[in-house]
Structures are given as C-alpha cells and as structure tokens.
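> Provided below for reference: sequence and predicted model.
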Amino acid sequence: MDTSNKKEIVMKTAVDWLVDHLYLVIPNEERNFLEGLRKEALEKEKEQIKEAWYNGGINGMGLFETNTGEEYYDQKYNQNK
C-alpha cells in the first residue's frame with residue numbers, strides 16, 4: 001500500500017487528554033506533581049499499547065504498517081519527537 005501521500009494523524013493518549021483537562025482546574029503549584037503522575041501513567045499506557053499491538057499481530061490480524069509495538073506507539077502518539 002502506498003502511504004507516501006497519506007497524512008499521519010497524531011493521536012493523544014487518554015493520559016495526556018486527562019492531564020490537559022486537569023490543568024484547567026489544578027493550581028499552578030500542583031502541576032509539578034501532576035507532571036510526575038503523567039510520566040508514570042504514560043509509561044504504563046505505552047506498555048499496554050505495545051502489548052495490544054503485539055497480541056493483535058500474533059493473532060493473525062497483521063493490520064499494522066509498523067514492525068514493532070514501539071514503532072506503532074511512536075507513529076500514532078509521536079512521543080519520541
């Protein structure tokens with residue numbers, strides 16, 4: 001499949017979405033604590049996404065355009081900028 005003209009859509013993780021919305025109601029002095037929680041939660045969420053990618057691949061779906069769950073995560077969520 002030719003993907004050269006395909007515009008990549010960067011998705012936001014559920015963790016990022018939640019923290020972004022919490023920023024609207026959390027005082028500035030609490031944000032460092034929230035950032036620490038975001039980092040931990042993103043690592044856990046990343047592992048779950050990679051595991052789901054792997055399980056989808058070995059169960060015969062093979063619908064991914066990436067070779068690894070890490071590549072899939074980076075492509076969809078643009079975490080390694």
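Alright, I've got the coordinates.
> how about the helix or strand containing residue 54: buried residues?
Element membership of residue 54, judged by DSSP states H and E, is helix 31-58. Of the residues in helix 31-58, those buried under the neighbour-count criterion (16 or more other Cβ atoms under 10 Å) are 38, 41-42, 45-46, 49-50, 53, 57. The way it works is simple: take the backbone N, C-alpha and C, and place the C-beta from them, glycine included.
> any idea of the mean pLDDT for that helix?
Averaged across helix 31-58, pLDDT comes to 86.
> so for the following helix or strand past it, what's the average pLDDT?
Using DSSP H and E, the helix or strand that follows helix 31-58 in sequence is helix 69-77. Predicted confidence along helix 69-77 averages 82 (mean pLDDT).
> now helix 69-77, how far from the centre of its chain.
When distances are taken as Cα atoms, centre = their mean, to the nearest Å, helix 69-77 is centred 7 Å away from the chain's centroid.
> counting contacts, what elements does that helix pack onto?
In terms of contacts (3 or more Cβ pairs under 8 Å, 6 or more residues apart in numbering; DSSP states H and E), helix 69-77 is packed against helix 31-58.
> what's the angle between the helix holding residue 54 and helix 69-77?
Following axes from the mean of the first three to the mean of the last three Cα atoms, to 10 degrees, one obtains 120 degrees for the angle between helix 31-58 and helix 69-77.
> which of the buried residues of helix 31-58 sit farthest apart?
In terms of Cβ to Cβ, the buried residues of helix 31-58 reach their longest pairwise distance at 38 and 57, which sit 28.2 Å apart.
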